[in-house]
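J.: Mind folding the following:
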Amino acid sequence: MARRLFGTAGIRGGTNVDITPRLCLEITQAFGTWVRRRRKSTGRIGVAHDTRFGARAFAQAAISGAAASGNDVVDYGILASGPFSVNISQSNADGGVMITGSHMPYDRIGILLFVEDGSSAPFDVTDQVESLFETGDLLRVKPEEIGQIHQGASPGEVYAAEVLRHVDRKAIAARRLRVLVDPANGAASTLAREIFERAGCEVVSINAGFQPIPNRPSEPRAHTVEEARNIAKVLKLDMGVCLDVDADRSLFVTSRGEALSEDAVGALFAHSELKPGDVCVVPVNSSGLIEYVAQRTGARLEYCRIGQPETIKAVKTLKAVYSYEESGKYYFARNFPWADGIFSGLKMLEILAKERRSLPELADSLPAFHQVKDSVPVPEERKASVFQEAVRQIREGGGGPGVRDVEMDGFKRVFKDHAWLLVRPSGTEPLIRVFSDATSVARAQELVKAGLAAVKKAL
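T.: This next block holds a predicted model:
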């Protein structure tokens with residue numbers, strides 16, 4: 001396929017413009033066809049949706065597509081992605097379909113596919129589904145073989161029982177931690193608060209009622225969660241966790257009203273999770289801070305391509321115990337092969353309980369890393385050749401000798417001080433991008449300057 005419908009997070013587009021009920025029906029019918037032929041019998045597919053406009057209608061179309069292809073369907077209604085994944089994995093389902101716009105604006109929505117272990121479907125699955133959809137090779141079973149539709153039985157309770165057994169509830173409860181949760185009026189609006197209360201925390205909740213248009217932008221970033229930051233500071237709460245609409249992303253807020261960077265949070269989790277000999281996987285654009293933590297813990301750090309399908313594929317292939325993405329997705333692969341913002345919040349509470357230090361103290365214990373980003377305009381037809389020549393120059397010493405070169409999604413040179421230089425052609429614009437990461441702004445700027453010089457010389 002020249003261009004995939006399924007990107008790094010499903011099929012996305014404008015609600016009722018690019019993503020329509022018909023598309024949801026036919027994509028799910030294609031997925032159901034894949035499931036049925038793989039099983040050679042009736043399959044079982046879960047369907048859930050978020051809170052935005054059209055999500056319920058599109059989910060009903062997906063339910064019809066799954067049933068029409070000869071599969072029984074479990075309708076979970078409004079459910080966040082982590083709880084949905086738990087229910088898929090706990091119910092012997094063959095996969096799932098979630099209708100969600102995740103962190104996107106309210107007028108956009110997406111179709112996500114999940115496989116039987118609850119994780120996001122990899123490209124080798126979505127490519128097959130897409131091929132069935134494009135060729136129209138969709139099963140239309142006999143009337144007596146149309147699947148049955150069932151309601152999900154207490155999906156919130158199934159989820160709570162599973163995630164709470166993977167953390168030290170006694171330790172968390174003993175600290176009597178005070179927590180703010182901001183689920184962006186999304187699918188975790190009621191469940192997130194319940195989970196943290198059952199873990200023994202005092203909970204302050206904002207933006208917690210189901211709404212198609214959330215009170216703040218769905219994507220949890222420092223500039224979108226000012227209300228949560230102010231409340232955490234004024235009330236001196238131990239932690240705030242801000243989620244996106246489907247609650248797979250999380251952003252953490254301190255009692256000082258600071259929003260911690262995703263790389264800092266990723267490093268705190270890595271320090272807690274990793275043991276000597278463990279494998280940690282991160283996308284190639286991750287901060288050098290994770291190199292520092294991996295070295296300190298004795299873990300082996302491996303890089304993967306950017307995007308959720310590639311991250312999950314690498315976690316499974318390399319048997320990694322932990323991963324994270326700079327978008328705020330954290331994978332505790334000893335427990336679950338997917339990202340879950342609520343569970344990430346529980347894991348942070350566990351760290352606070354066991355370390356007996358505050359979140360600001362933990363964050364301050366990490367070395368600071370700084371990223372610098374720039375780009376060079378390069379004609380589309382010359383991007384490939386210019387990139388290759390720039391890489392050749394960097395290999396010959398541009399930026400200094402490295403200790404590790406990584407060739408995926410571009411070219412990355414890692415240096416002894418954990419700094420790195422990344423050069424990659426843009427996938428969407430006539431540009432070659434140059435990124436760096438280092439423990440000082442001056443060092444990061446120096447590396448970007450060397451990368452820009454290599455690209456310009458190659459031009």
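J.: Can you name the residues that contact the closest residue to Gln60 other than its chain neighbours?
T.: In space, Gln60 comes closest to Pro21 once its chain neighbours are excluded; the distance is 7.8 Å by Cβ to Cβ, 6 or more residues apart in numbering. Every C-beta, even on glycine, is put in place using the N, C-alpha and C of the backbone. Applying Cβ atoms under 8 Å, 6 or more residues apart in numbering, one finds that Pro21 lies in contact with Ala57, Phe58, Gln60, Ala61.
J.: next one: Tyr324
T.: For Tyr324, the residues meeting the contact criterion (Cβ under 8 Å, 6+ apart) are Glu262, Val265, Gly266, Phe269, Ala270, Val282, Ser286, Ile290, Tyr330, Tyr331.
J.: you'd agree Asn215 is in a strand?
T.: No. Per DSSP: H, G, I helix; E, B strand; the rest coil, Asn215 lies outside any strand segment and is coil.
J.: How many residues are close by it?
T.: A count of nearby residues for Asn215, using other Cβ atoms under 10 Å, gives 13.
J.: same question, Glu273
T.: By the criterion of other Cβ under 10 Å, Glu273 has 24 neighbours.
J.: Do I have it right that it meets Arg334?
T.: Yes. Taking Cβ atoms under 8 Å as the contact criterion, Glu273 and Arg334 are neighbours in contact, 7.3 Å apart.
J.: Pull up the overlap in contacts between those two.
T.: Shared contacts of Glu273 and Arg334 (Cβ under 8 Å, 6+ apart): Val321, Tyr322.
J.: Using the three-state scheme, assign the closest residue to Pro214 other than its chain neighbours.
T.: Counting by Cβ to Cβ, 6+ apart, the nearest residue to Pro214 once its immediate chain neighbours are dropped is Asn185, at 4.0 Å. Using three-state DSSP, the three-state assignment for Asn185 comes out as coil.
J.: Endpoints of stretch 186-193, how far apart?
T.: End-to-end distance of stretch 186-193 (Cα to Cα, to the nearest Å): 12 Å.
J.: Please identify the buried residues of it?
T.: By neighbour count with 16 or more other Cβ atoms under 10 Å, stretch 186-193 contains the buried residues Gly186, Ala187, Ala188, Ser189, Leu191, Ala192, Arg193.
J.: Quick check: the third one touching Asp340?
T.: No. Between Ala188 and Asp340 no contact is recorded; they are 9.6 Å apart, counting by Cβ under 8 Å.
J.: Identify the residues contacting the residue positioned nearest the centre of the chain.
T.: By Cα atoms, centre = their mean, the mean C-alpha position of the chain lies nearest to Lys329, the distance being 3.8 Å. For Lys329, the contacting residues are Asp248, Arg249, Gln308, Thr311, Ala339, by Cβ under 8 Å, 6+ apart.
J.: Thr311 too?
T.: Applying Cβ under 8 Å, 6+ apart, we find Thr311 in contact with Val281, Pro283, Cys304, Ser323, Glu325, Lys329, Tyr331.
J.: Among those, which lie within helices?
T.: Secondary structure defined by DSSP state H assigns none of the contacts of Thr311 to helices.
J.: so which of the buried residues of stretch 186-193 comes closest to Val376?
T.: Checking those against Val376 with Cβ to Cβ, the nearest one is Gly186 at 39.0 Å.
J.: Report how many residues lie close to the closest residue to the closest one other than its chain neighbours.
T.: On the basis of Cβ to Cβ, 6+ apart, the spatially nearest residue to Gly186 that is not a chain neighbour turns out to be Val245, at 3.4 Å. Residues near Val245, counting by other Cβ under 10 Å, number 32.
J.: dump the residue contacts of Val245.
T.: 50-52, 100-103, 184-187, 214, 218.
J.: Top of these by number of neighbours, please.
T.: For the contacts of Val245, the largest neighbour count, defined by other Cβ under 10 Å, is 33 neighbours, found at Thr100.
J.: In this structure Ile231 contacts Val204, no?
T.: Yes. At 6.5 Å, Ile231 and Val204 qualify as touching, with contact defined as Cβ under 8 Å.
J.: on that earlier part again, now the contacts of Tyr324 in a markdown table, with neighbour count and distance to Val86?
T.: As requested, the contacts of Tyr324 are arranged in a markdown table below (neighbours: other Cβ atoms under 10 Å; distance: Cβ to Cβ, whole Å):
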| residue | neighbour count | distance to Val86 |
| --- | --- | --- |
| Glu262 | 23 | 23 |
| Val265 | 23 | 22 |
| Gly266 | 27 | 22 |
| Phe269 | 21 | 19 |
| Ala270 | 26 | 23 |
| Val282 | 26 | 24 |
| Ser286 | 26 | 26 |
| Ile290 | 25 | 27 |
| Tyr330 | 26 | 16 |
| Tyr331 | 30 | 14 |
